[in-house]
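Engineer: below are the sequence and a predicted model; questions follow.
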2 protein chains.
Amino acid sequence: MSNGSEQAPVVVTGGAGAIGAIVARRLAEAGHPVRVIDNLSSGHRERLKDLEETGRLRFHEHDLRNVTGMAEILRGAASVWHFAANPNIPKGLEDPRLDLEHGTLATAHVLEAARQAHVPRILFSSSSVVYGMPTVFPTPESYGPLLPESQYGGSKLASEAMISAYCHSYGMKGWIFRFANIVGPGMSHGVIYDFLRKLQRDPTRLEVLGDGRQAKSYLWVDDCVDAMLLAEERSTDPVNVFNLGTEQQVPVRDIAERVVRAFGGTARIEYTGGARGWVGDIPQQLLSVEKIRALGWRPRFDSSTTVDKAIASGRSELGL
Amino acid sequence: MSNGSEQAPVVVTGGAGAIGAIVARRLAEAGHPVRVIDNLSSGHRERLKDLEETGRLRFHEHDLRNVTGMAEILRGAASVWHFAANPNIPKGLEDPRLDLEHGTLATAHVLEAARQAHVPRILFSSSSVVYGMPTVFPTPESYGPLLPESQYGGSKLASEAMISAYCHSYGMKGWIFRFANIVGPGMSHGVIYDFLRKLQRDPTRLEVLGDGRQAKSYLWVDDCVDAMLLAEERSTDPVNVFNLGTEQQVPVRDIAERVVRAFGGTARIEYTGGARGWVGDIPQQLLSVEKIRALGWRPRFDSSTTVDKAIASGRSELGL
């Protein structure tokens, strides 16, 4: 760790979000002056309060749908970490403009601003959902064809495509991180959060979307951020694609039972049935993480421990 | 072939372009009332004149950057063939808005109009450039990761991503055709056309971008259209990805020599050097076409014959 004056400024979009705020903090702690861009549609500025007060972080309330002024915010930065997105996958099904505007177009604007401001690096939070319904498990980064099944997945792959094009066209360097389910403090979406909220509303029953056999890998947010920082340091390609996850799946049924146990074990679990939780849900997810492991990364927590930690932190935040 | 009243209407975007117009004609000949959408930025309405006069085709001059009114044009159609795009890859490097607006956003608007108008099928002209610089030849549809190197390639992959998302989200069915170099009458871009134009301007010398070792596969446009019509008829997946090309590569050096011979063989060929013709050029392209061949498709012309035919038709059109 060095002091702020020695390091180049960095930009974090979606920096008031659950993952972006942790990245912003880590970069500030490493001595980078941090500029956060967030429209506060789902982020919370309080997460950054102490960093703002010490002057290590500057907050820009800005909606990425509007490209005007973005190049000015990016000017002089060494990198842009692009996390801003519509965080709600099922909602994108109802209104496809959400992922088009806050996903695809937002990325186009970040890239164009980076080009105009000569920012040489972009790091992007993509998702396992770009694989659609893969037939290979664990799924490697080289899997194809990529046929995402949700508007959110479409916007993540579209963003990857534009990032690759910009990096190769204008000499920028890119990192594409395909996330498993990332969980940690401050969650406001996802199956664990949803189960906790449901039991908070009605402690006698827990409705589970689908048959509960959906099984995914869970990665604790600090492990995820460690991986991204390591990948940035050690990658050499113009565009570097990394899966980030753990090597175990946890079935939704298992999560439901753990959450119910945490509430005293009396709630009745009711499954709505069907292989998928909702249209666009990818019921099986397990990413190959050989590539990031080859750089020396190991997650501190496996999927099962991560789920338990997420249940504990969610309960504490919801006052349960 | 049946008469127009029996078949469902179809929409062709970019239907005044070199490929779109041939598809529009084939669909009209098969008895479909055809609606063409084109902004005439690079297409020519004269290509469709006779079809318009017989009432089998209706022309809508419309720019796909504007979504307003598109659902009305699509209403009642059985399918939309989406060919409209910026046809000039190097130009997209200079102004990235070109491929964003006429590629990515145009596709988003076509999809949204199709959803609103309940059009159940979309067929899309993607490109081999979505593979970026592949390491496997012939390159199969399952190749990954997809890292396009031009804005054009980025917009094609972004369009694929959104098509997949829409098809899975709203029960539509999609075809994604990844084109090799498609050539035929009415070309206005590409290496063969460029060489002819250069010799037309100066018959004493031919400048070749790169070292001439770039080698790609060439497919005659009618063979390409046959493949698409067959694929539409015989595919069963929600989203069907097909490479379309021939199984031979022709080096640029070879094309230069053939064009020079066609002009009497006296021009001096000068290579600018380097593996690529321009930033974003993919010097080696050879697609696996096993998947479309398995449906029974065979091209009438191989790459070499296709190149000769393209030289002949280009000469005739340029009055050379």
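Structural biologist: Sure thing, it's come through.
Engineer: okay, now the spatially closest residue to residue A:186 that is not a sequence neighbour: neighbour count?
Structural biologist: Setting aside the residues directly before and after it, residue A:186 is nearest to residue A:18 in space (C-beta to C-beta, 6 or more residues apart in numbering or on different chains), at 4.2 Å. (Each C-beta comes from the backbone N, C-alpha and C, glycine too.) Residue neighbour count, defined by other C-beta atoms under 10 Å in any protein chain shown, stands at 23 for residue A:18.
Engineer: before we move on, what about residue A:202?
Structural biologist: For residue A:202, the neighbour count with other C-beta under 10 Å is 10.
Engineer: ok, now how distant is it from residue A:268?
Structural biologist: As defined by C-beta to C-beta, to the nearest Å, residue A:202 lies at a distance of 10 Å from residue A:268.
Engineer: residue A:26 too?
Structural biologist: Distance check for residue A:26 against residue A:268: by C-beta to C-beta, it reads 42 Å.
Engineer: comparing the two, which residue is more hemmed in?
Structural biologist: When residue A:26 and residue A:268 are compared for neighbours, residue A:26 comes out ahead with 16 against 9, by other C-beta under 10 Å.
Engineer: if we ignore the residues flanking it in sequence, what's nearest residue A:39?
Structural biologist: Counting by C-beta to C-beta, 6+ apart, residue A:63 is the residue found nearest to residue A:39 once chain neighbours are left out, at 4.1 Å.
Engineer: I'd assumed residue A:29 was in contact with residue A:229.
Structural biologist: No: distance between residue A:229 and residue A:29: 10.9 Å, which falls outside the contact criterion (C-beta atoms under 8 Å).
Engineer: quick check: residues of the stretch 51-200 of chain A near chain B?
Structural biologist: When proximity is defined by C-beta under 8 Å from any C-beta of the partner chain, the stretch 51-200 of chain A lies next to chain B at A:93, A:96-97, A:99-100, A:104-105, A:108, A:111-112, A:115, A:130, A:132, A:141-162, A:164-166, A:168-169.
Engineer: quick one: which of these sit in helices?
Structural biologist: Using DSSP state H to define helices, the subset of those located there is A:93, A:97, A:99, A:108, A:111-112, A:115, A:151-162, A:164-166, A:168-169.
Engineer: only whichever of those residues are buried, select them in ChimeraX.
Structural biologist: Restricted to the buried members of those, where burial is judged by 16 or more other C-beta atoms under 10 Å in any protein chain shown, the ChimeraX selection command reads as follows:
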select /A:93,99,108,111,112,115,151,152,153,154,155,156,157,158,159,160,161,162,164,165,166,168,169
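Engineer: so where's chain A shaky on pLDDT?
Structural biologist: Low-confidence segments of chain A, defined by pLDDT under 70, are located at A:1-5.
Engineer: helices of that one, start to end?
Structural biologist: For chain A, the helices defined by DSSP H occupy A:20-29, A:49-53, A:70-74, A:89-94, A:97-99, A:106-116, A:151-170, A:191-201, A:221-234, A:252-262, A:290-293, A:303-318.
Engineer: for residue B:180, which of these is the nearest?
Structural biologist: Each of the helices of chain A was checked against residue B:180 via C-beta to C-beta, and the shortest separation belongs to helix A:151-170, namely 19.5 Å.
Engineer: dump that closest one to CSV, keeping only the CA atoms.
Structural biologist: Output for helix A:151-170, consisting of C-alpha atoms alone and laid out as CSV, is shown next (Å, rounded to 0.1, in the frame of the first residue of the first chain):
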residue,chain,number,x,y,z
GLN,A,151,-31.8,-9.7,-21.9
TYR,A,152,-29.2,-9.2,-19.2
GLY,A,153,-27.1,-12.0,-20.7
GLY,A,154,-27.5,-10.5,-24.1
SER,A,155,-26.3,-7.1,-22.9
LYS,A,156,-23.3,-8.7,-21.2
LEU,A,157,-22.3,-10.5,-24.4
ALA,A,158,-22.9,-7.4,-26.4
SER,A,159,-20.7,-5.4,-24.0
GLU,A,160,-18.0,-8.0,-24.3
ALA,A,161,-18.2,-7.7,-28.1
MET,A,162,-17.8,-4.0,-28.1
ILE,A,163,-15.0,-4.1,-25.5
SER,A,164,-13.0,-6.5,-27.8
ALA,A,165,-13.6,-4.3,-30.8
TYR,A,166,-12.5,-1.2,-29.0
CYS,A,167,-9.4,-2.8,-27.5
HIS,A,168,-8.3,-4.1,-30.9
SER,A,169,-9.2,-1.0,-32.8
TYR,A,170,-7.7,1.6,-30.6
